[in-house]
Every structure is written in C-alpha cells, then in structure tokens.
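Asker: Fold the following, please.
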Amino acid sequence: MQLDILTPEKKLYSGDATSIKLPGISGNFELLDNHAPIISALAEGEIKYSTSEGETKIVIKDGFVECLQNKVVVLIGSGEIVS
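Answerer: Numbers count the residues shown, from 1 in each chain. Got it, this is the predicted structure:
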C-alpha cells in the first residue's frame, strides 16, 4: 500500500509499506494491505511501518490518519524518526 507521513514542515516518508501500526486515541491499531476505509485521530505514541527494507519508528504527539483505496495518509503536527 502507498504510505505518506506528513508534517506541516516536511514529508517524513512517501513510499510503499506492508503494514502500519498506529497509536489511536482508543488504542493501538494496524493497517494492512487492502484495509477497509478509515479515518482516525492519533494519540501520542509511535508509528511503526514495515517496508521491504525493514521497520521504521516515528515518535508523534498527535495527528490523523486516512486510509482509502490502499493509500494511507498520516498527518502529524511533528514527528521524530527513532529507527
């Protein structure tokens, strides 16, 4: 699936991902290939996404995610890649 992680200042990631783990306001959840459409608010925590090159973690304060037609857009106020 296509993943874009954006802040107001820059694009942290744009490319393919095989899975995305997100800190929702009601608990953590995971998006996989061909996931049903969803819009959700995000809480403070870690976004973890897997690609063919491995897993990456981004620490966030808050944000929103939209998944539609196998494209995921994550909008966050700020984020720091930790691995």
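Asker: quick one: contacts for the residue nearest to the spatial centre of the chain?
Answerer: Geometric centre of the chain, nearest residue: residue 74, 5.0 Å, by C-alpha atoms, centre = their mean. The contact partners of residue 74, taken as C-beta atoms under 8 Å, 6 or more residues apart in numbering, are 3-6, 20, 22, 42, 47, 63-65. Yep, even glycine has a C-beta here, placed from its N, CA and C like the rest.
Asker: Show the buried residues in those.
Answerer: 3-6, 20, 22, 42, 47, 63, 65 (16 or more other C-beta atoms under 10 Å).
Asker: Quickly name whichever of these is closest to residue 33.
Answerer: residue 20 (10.2 Å; C-beta to C-beta).
Asker: mind checking pLDDT for that closest one?
Answerer: As predicted, residue 20 sits at a pLDDT of 98.
Asker: Done for today, thanks.
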